[in-house]
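>>> I would like to see how this sequence folds:
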Amino acid sequence: MSLSGRATGRAILSEDAIVDAATHRRRARLAHRQARQEIIETLHALRDEGLSYSEIARRTGYERRSVANWLKFKAPPDRRRAALNPTSPWYFEAFLAQCWKDGNRCGRHLFHDVKQRGYTGSFANLERLLGAWRRAEREQALVGAGSRSGHRSCDLAGDCRSAVHQAARPADRTAGKKGRCPEAGI
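Got it, this is the predicted structure:
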């Protein structure tokens, strides 16, 4: 099921459902990684018994070449991510983070700005990234509301995990609409 509506790019699922789905994905990835770790430990145990790759393959049901490759590792290798390209909003992360920091948080404006810079992805894809930033900002604001200890800096490139975003002041909002982003020159 899609997390955002087609026409608006806004979430069609509740915030709780989105968080539940993210938690489920995180747990599934962890369970998969643990299962791979157990497989590698089993293969190493069989190899320590003195069995050949072919015999291990026969006993476990995996291909001999897979067994040989997996035995090179003590732990499962980390997932290799694909190289970023202009269809991904993460390709423009530094630019978007700067615009966000400058008060431009309107998805349509940011979409226009990154399109001018060569973004070829969809509005919904950009909104998915911005939605994650908005959720992180809301969560941090709720956490920070209980114990405000002055201004904390924010690094959007770090997924806003360690800092509290301060809400844009009305003056910032008007400035954000007028000159959306200094780097865009619009």
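
>>> just give me the neighbour total for residue 51.
16 (other Cβ atoms under 10 Å). For glycine as for every other residue, the C-beta is placed from the backbone atoms N, C-alpha and C.

>>> just residue 108 next, same as before
Residue 108, neighbours per other Cβ under 10 Å, totals 11.

>>> mean confidence score for the helix or strand containing residue 97?
In this structure, residue 97 sits in helix 93-101 according to DSSP states H and E. What helix 93-101 shows for mean pLDDT is 92.

>>> go on, stretch 116-131?
92.

>>> list the buried ones in that stretch?
Buried residues in stretch 116-131, counted by 16 or more other Cβ atoms under 10 Å: 119, 121, 123, 124, 125, 126, 127, 128, 129, 130, 131.

>>> isn't the second one right up against residue 87?
Okay, so that is residue 121. Yes: using Cβ atoms under 8 Å, residue 121 is in contact with residue 87, at 4.3 Å.

>>> follow-up on the earlier one: how about the buried residues of stretch 116-131, which pair is most distant?
119 and 131 (16.7 Å; Cβ to Cβ).

>>> on the pLDDT front, check residue 105 for me.
88.

>>> any idea which helix is longest in the protein?
helix 15-48 (DSSP state H).

>>> just the buried positions in whatever helix or strand comes next after it, please.
Downstream of helix 15-48, the first helix or strand assigned by DSSP H and E is helix 53-60. By 16+ other Cβ under 10 Å, the buried positions in helix 53-60 come out as 53, 56, 57.
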